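K.L.:
Below is the structure, and that's it, no one-letter string:
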């Protein structure tokens, strides 16, 4: 009888722990507001379509991982990945600051990080963006699942 009681308590505690894990791991905070701007200095290129940006918020530097909206470059270790990473590094290194405009909420949720179109120095025309630069250079392709063809003029 006592053994059955402890099993029931252990099962209940297990369920509570599982519920908490699901809540904190799967129920992520809402994505940043669509269209909002984040700016800073490029810190590190992760791969051909992802980099870290150092942004200052309330006087505190904050590292933000940026996934370039609407494009897809080869992942690390795949053919073409080094060329894409090198080209992204070159584009970011030439800018004093990087300005990124966040993409729509669906793209944010799919990537679980900030997804944005970025420009060196200031928001400009779409064809002047880092995203378009990678497409023009041929080191990335347009990901039509999210971009819906907005980069066709790059």
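P.N.:
In hand now; what should we look at? These numbers were taken from a predicted model, which means no experiment stands behind them.

K.L.:
and residue 88, what does it touch?
P.N.:
Taking C-beta atoms under 8 Å, 6 or more residues apart in numbering as the criterion, residue 88 is in contact with 45, 48, 49, 51, 73, 130, 134, 139. C-beta coordinates here come from the backbone N, C-alpha and C atoms, glycine included.

K.L.:
so where's this structure shaky on pLDDT?
P.N.:
Along the chain, segments meeting pLDDT under 70 span 1, 5-6, 8-35, 105-112.

K.L.:
Can you pull the domain assignment for it?
P.N.:
Under automatic domain parsing, the residue ranges defining each domain of the chain are 1-30, 37-147.

K.L.:
quick one, helices of this protein?
P.N.:
Assigned helices in the chain, in chain order: 2-25, 81-93, 105-111, 130-137, 144-147 (criterion: DSSP state H).

K.L.:
Need the residue closest to the centroid of the chain.
P.N.:
Compute the mean C-alpha point of the chain, and by C-alpha atoms, centre = their mean the closest residue is residue 67, 3.1 Å away.

K.L.:
Just give me the neighbour total for residue 96.
P.N.:
Residues contacting residue 96 under the criterion other C-beta atoms under 10 Å number 7.

K.L.:
distance of it from residue 65?
P.N.:
Using C-beta to C-beta, to the nearest Å, one gets 21 Å for the distance from residue 96 to residue 65.
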